[in-house]
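Chemist: From the sequence below, what's the structure:
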Amino acid sequence: MDNGKSPRIYTGAGDGGRSDTLSQKNISKASPIFEVLGSLDECSAFLGLARSSLDDERLCADILRIQKRLIEVCGELAGGECAVCECDVRRVEEAIDGYCALSGGFCGFSVSGATGGEAAINLARTSVRRAERAAAAIEVTPEMRKYINRLSDLLYVMAEYAAKMPKT
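Modeler: Model (predicted):
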């Protein structure tokens with residue numbers, strides 16, 4: 001329904017290089033929290049790219065679950081309700097074990113680019129690694145640290161699995 005007053009996505013509030021999170025007001029956009037949030041947002045975008053080029057239903061469903069979970073994770077990081085607990089870390093570890101079994105286990109590092117989906121998942125993985133480094137500069141829960149670390153491992157094994165799929 002258009003009432004003539006569509007909400008604007010731009011406010012101009014951040015034009016001076018400062019912004020707000022849920023828990024902090026008027027902080028510099030150079031703050032490490034924005035590096036963490038931006039890197040995880042970038043991860044989700046790369047995962048969307050991967051999902052758009054993959055045909056494997058299981059992999060696509062797992063990627064979509066991660067994307068939705070990242071919204072909640074970013075909410076917690078921005079000062080919202082606690083979203084990550086030890087059970088989340090265990091779930092990611094179980095998924096890592098599952099994809100390791102599907103892809104034949106860890107065989108060392110590989111060169112990215114076997115398929116478009118694999119390359120996009122690897123881009124997402126590198127974004128998570130950047131988020132992990134930036135998170136070291138801010139106060140986060142131990143569970144959040146573990147979750148971010150394990151997520152990059154999960155994306156690595158998912159990319160290895162995707163690399164074994166036919167090129168699209």
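Chemist: OK, contacts around V140?
Modeler: L77 (CB atoms under 8 Å, 6 or more residues apart in numbering). C-beta here means a position set from N, CA and C on the backbone, and glycine is covered the same way.
Chemist: Using the three-state scheme, assign it.
Modeler: coil (DSSP: H, G, I helix; E, B strand; the rest coil).
Chemist: Tell me which stretches of the protein form helices.
Modeler: Per DSSP state H, the chain carries helices over the ranges 32-53, 57-77, 86-103, 116-135, 142-163.
Chemist: so which of these gets nearest K25?
Modeler: With CB to CB, the closest approach to K25 among the helices of the chain belongs to helix 32-53: 12.4 Å.
Chemist: still on that earlier bit, how about a markdown table for the helices of the chain, with mean pLDDT and distance to N26 added?
Modeler: Output for those, formatted as a markdown table (pLDDT from 0 to 100; distance: least, CB to CB, whole Å):
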| stretch | mean pLDDT | distance to N26 |
| --- | --- | --- |
| helix 32-53 | 96 | 13 |
| helix 57-77 | 97 | 18 |
| helix 86-103 | 95 | 31 |
| helix 116-135 | 97 | 20 |
| helix 142-163 | 96 | 24 |
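Chemist: how about the ones you listed in a markdown table, adding distance to S6 and mean neighbour count?
Modeler: Below are the helices of the chain laid out as a markdown table (distance: least, CB to CB, whole Å; neighbours: other CB atoms under 10 Å):
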| stretch | distance to S6 | mean neighbour count |
| --- | --- | --- |
| helix 32-53 | 23 | 20 |
| helix 57-77 | 23 | 17 |
| helix 86-103 | 37 | 16 |
| helix 116-135 | 31 | 22 |
| helix 142-163 | 36 | 21 |
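Chemist: Make JSON lines out of those helices and add distance to T21.
Modeler: Conversion of those to JSON lines gives the following (distance: least, CB to CB, whole Å):
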{"stretch": "helix 32-53", "distance to T21": "6"}
{"stretch": "helix 57-77", "distance to T21": "8"}
{"stretch": "helix 86-103", "distance to T21": "21"}
{"stretch": "helix 116-135", "distance to T21": "14"}
{"stretch": "helix 142-163", "distance to T21": "15"}
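Chemist: Many thanks, we can stop here.
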